[in-house]
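S.K.: Kindly return the folded structure for what I paste below:
(2 chains)
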Amino acid sequence: MDRVIINQTKQTPFVDFDPATGVFEISGRSIPENTFDFYKPILNWLEEYAIKPQAQTRLKVYLEYFNTSSSKFILEIFKKLKPIIGKADVVVAWHYDEDDEEMMENGEDYQDVSGLDFEFVEVSEE
Amino acid sequence: MVISSALFNIDRKENVLISFDGSVTSRVISDLLQRSEIALENQRSVVRKRVYNVLVEGLQNLYHHAEERPETGKNGEPQVKLLLWFDTDSIFIQMQNVVKGATINKISTQIEYINSLDRDQLKAFYREVLNNTKFSEKGGASLGLIDMAKRSGEPLLYKFSPLDENYSMFNLVVQVKK
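M.R.: Purely as a prediction, here's the structure:
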């Protein structure tokens, strides 16, 4: 499988999924109008990856903000990783800025609803 | 709750950070976001993010509810009047757009329901709708409206003003405390 690297734009996040190391990242902003067009290929890629994952998969998520259309697709991303459980390890490293309680709560929502292992990482403002 | 009708005055001139009247496009949303970033520079980061989220959500909601509004833009884009204003302790995001009269009931029922929930209930409702675990009897509740209410922490304020027998002006004010 090929590594996926998508550059950040004003409306879409930076995405870097490396199938060779199992190190994944989504960061920046997610406010595209056409969330389907942006996320569908990513979901397809993850579906394929989950068939033969690395022993460890670590998805770093660090979003500044995201619209509700994105929030549904982000949930789908976590759902695509679920089949890995039982075969291999998968953890989501949910990052949020130190005073952003809402972003932390979003992470808790996802943890609850997705059933994946979450690590919460508070990022200090410089 | 007593709501002064002056609150809904979209033509106010005082304490206005941003004012916009026109078609909503991808470009417009980006520009408005940029302008609000500058206007809110001195606010706490958590307040700014709440305002951005409400702004984006409110504007993009207009795309998703095409059946509820008439096509009046050159290319059928949604039309909106937007105002970002403030008072001593809050920032207000106000949007006014035309909706079909037939949808007034649906919109107000949703907002009334959302406003009736306390913080924990709102969080739980958000999760339900996010996961589609329960199709709300409120008729496919809009995650966008729920999200705006969550960010705001205050009741969503709204007003409908009939234009003719088919259309009404929908005025929504979302309050974010500084």
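
S.K.: Helices along the chain, start to end?
M.R.: All of this is about chain A. Under the criterion DSSP state H, helices of chain A are mapped to A:35-49, A:68-81, A:101-114.

S.K.: oops, chain B please
M.R.: So, for chain B - with DSSP H - the helices run B:26-39, B:45-64, B:104-116, B:119-131, B:143-152.

S.K.: Pick the most deeply packed of the ones you listed.
M.R.: helix B:143-152 (a mean of 23; mean count of other C-beta atoms under 10 Å in any protein chain shown). Every C-beta, even on glycine, is put in place using the N, C-alpha and C of the backbone.

S.K.: Give me the number of neighbouring residues for the residue of chain A at minimum distance from chain B.
M.R.: Residue nearest to chain B within chain A (C-beta to the nearest C-beta): A:Thr68, separated by 4.2 Å. Other residues near A:Thr68 come to 24 when the count uses other C-beta atoms under 10 Å in any protein chain shown.

S.K.: which residues sit in contact with it?
M.R.: Neighbouring residues of A:Thr68 by C-beta atoms under 8 Å, 6 or more residues apart in numbering or on different chains: B:Glu57, B:Leu143, B:Gly144, B:Asp147.

S.K.: How about the contacts made by the second one?
M.R.: Pointing back at B:Leu143 there. A:Thr68, A:Ser71, A:Lys72, B:Tyr126, B:Val129, B:Leu130.

S.K.: Please give the number of neighbouring residues around the third one.
M.R.: Other residues near A:Lys72 number 17, with proximity taken as other C-beta under 10 Å.

S.K.: what two of the contacts of A:Thr68 have the greatest distance between them?
M.R.: B:Glu57 and B:Leu143 (8.9 Å; C-beta to C-beta).

S.K.: and chain B, which residues reach chain A?
M.R.: Within chain B, the positions lying close to chain A (C-beta under 8 Å from any C-beta of the partner chain) are B:26, B:29-30, B:33, B:44-46, B:49-50, B:52-53, B:56-57, B:60, B:63-64, B:123, B:126-127, B:130-131, B:143-144, B:147, B:150-151.

S.K.: what about 6 Å?
M.R.: By C-beta under 6 Å from any C-beta of the partner chain, the residues of chain B that approach chain A are B:26, B:30, B:46, B:49, B:52-53, B:56-57, B:60, B:127, B:131, B:143-144, B:147.

S.K.: Let me have those residues in TSV, adding pLDDT as columns.
M.R.: As requested, those are arranged in TSV below (pLDDT from 0 to 100):
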residue	pLDDT
B:Ser26	85
B:Ser30	90
B:Val46	90
B:Lys49	92
B:Tyr52	94
B:Asn53	93
B:Val56	93
B:Glu57	92
B:Gln60	88
B:Arg127	90
B:Asn131	86
B:Leu143	90
B:Gly144	91
B:Asp147	94
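
S.K.: CA atoms of stretch A:116-126 as CSV?
M.R.: Coordinates of each C-alpha in stretch A:116-126 appear next as CSV, following Å, rounded to 0.1, in the frame of the first residue of the first chain:
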residue,chain,number,x,y,z
LEU,A,116,-11.0,2.3,20.4
ASP,A,117,-8.2,2.9,22.9
PHE,A,118,-7.6,6.6,23.3
GLU,A,119,-4.7,8.5,24.7
PHE,A,120,-5.4,12.1,25.6
VAL,A,121,-2.6,14.5,25.0
GLU,A,122,-2.8,18.1,26.2
VAL,A,123,-0.7,20.6,24.2
SER,A,124,0.6,23.6,26.0
GLU,A,125,0.2,27.0,24.3
GLU,A,126,3.6,28.5,23.7
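
S.K.: Show me what it is in contact with.
M.R.: Under the contact criterion C-beta atoms under 6 Å, 6 or more residues apart in numbering or on different chains, stretch A:116-126 has outside partners A:Phe78, A:Val91, A:Val92, A:Ala93, A:Trp94, A:His95, A:Asp97, A:Glu98, A:Gly107, A:Gln111.

S.K.: Sort out which of these are buried, if you could.
M.R.: A:Phe78, A:Val92, A:Ala93, A:Trp94, A:His95, A:Asp97, A:Gly107, A:Gln111 (16 or more other C-beta atoms under 10 Å in any protein chain shown).
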